[in-house]
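Q: Got a sequence here, can you build the structure:
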Amino acid sequence: MTTRKPPIDQRIITAALALIAAKGWAGATLADIAAGAEVSLAQLHRHFPSKTAIIAAWLDQVDDQVLKAVAPASGEEETRDRLFEIIMNRFDALAPHKQALCAITRGVACDPRGLCTLAWRLERSMTWMLEAAGVGTSGLAGMARVKGMMVIYGRVLRQWFRDDSEDMAKTMAELDKRLRQAERCARLLPGRLPEQMAAAS
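A: I've put the predicted structure just below:
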């Protein structure tokens, strides 16, 4: 019985993440990725125009996984706690490719085009994470919440990269601290946000 290969898109994503983990962002070429996925360069180009497009597709999968696991909101659950759970679920989804993500984060710092693309992709992810937690992202106030969440996520991500504990205790402590700081800052602002939105400001 012949084993069916995964779809081409998934083979490309899997090959890219493995090669980036092994060779770094700059070292993993499109030709390497095509060879690793057992496709031609023409096929790779047909599916993904760049390495950043491959990573963006992977992050779409991560977001889908997190959003599918979001439970209906409980009337007694604080928004900060709900957001905490959603972000930690995202780290769980990213964990199998932690080394690759670390290499991507380091590598795009020297790749302006890649940095801009993935920064925009992070903004989209944080928009969906906030919406899943019941935090509005529309208008100027919503934009500020998304930008604030991007900063929080970036700081917690750095801790996650260093966190070698099985239960991610250090990451959870950092995320809790940052969310509580954001909540306190929101309460000091004139015309403060409603309680249920303060956690992500």
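
Q: how far is the helix or strand Asp176 falls within from where the chain is centred?
A: If you go by DSSP states H and E, Asp176 is part of helix 169-188. Helix 169-188 sits 18 Å away from the centroid of its parent chain (C-alpha atoms, centre = their mean, to the nearest Å).

Q: same check, this time on stretch 57-68
A: Put simply, stretch 57-68 sits 9 Å off its chain's centre (C-alpha atoms, centre = their mean).

Q: pLDDT weak spots in the protein?
A: 1-3, 74-77, 186-201 (pLDDT under 70).

Q: Tell me who's in contact with Ala37.
A: Applying C-beta atoms under 8 Å, 6 or more residues apart in numbering, we find Ala37 in contact with 8, 11-12, 14-16, 44. In short, each C-beta sits where N, CA and C put it, glycine included.

Q: For Ala173, see how far away it is.
A: As judged by C-beta to C-beta, to the nearest Å, Ala37 and Ala173 stand 39 Å apart.

Q: swap in Ile12?
A: Distance, Ile12 to Ala173, by C-beta to C-beta: 37 Å.

Q: Name the helix or strand for Lys5, please.
A: Per DSSP H and E, there is no helix or strand for Lys5.

Q: Chain neighbours aside, what residue packs nearest to it?
A: Spatial nearest neighbour of Lys5, excluding adjacent residues (C-beta to C-beta, 6 or more residues apart in numbering): Arg11 at 6.6 Å.

Q: Repeat that for Gly24.
A: Closest residue to Gly24 apart from its sequence neighbours, by C-beta to C-beta, 6+ apart: Ala103 at 5.1 Å.

Q: which parts of the helix or strand harbouring that neighbour are buried?
A: Element membership for Ala103, per DSSP H and E: helix 98-108. Judged by neighbour count (16 or more other C-beta atoms under 10 Å), helix 98-108 contains these buried residues: 100-105, 107-108.

Q: Run through who's touching the longest helix anywhere in the chain.
A: For the chain, the longest helix by residue count, based on DSSP state H, is helix 139-162. Here helix 139-162 makes contact (C-beta under 8 Å, 6+ apart) with 87, 91, 98, 102, 105, 122-123, 126-127, 129-130, 135-137, 168, 170-171, 174-175, 178-179, 182, 193, 197, 200-201.

Q: And the next helix or strand past the helix holding Ala103?
A: Toward the C-terminus from helix 98-108 - assigned by DSSP H and E - lies helix 112-132.

Q: Counting by contacts, list what that next one packs against.
A: Applying 3 or more C-beta pairs under 8 Å, 6 or more residues apart in numbering; DSSP states H and E, one finds that helix 112-132 contacts helix 51-68, helix 79-94, helix 98-108, helix 139-162.
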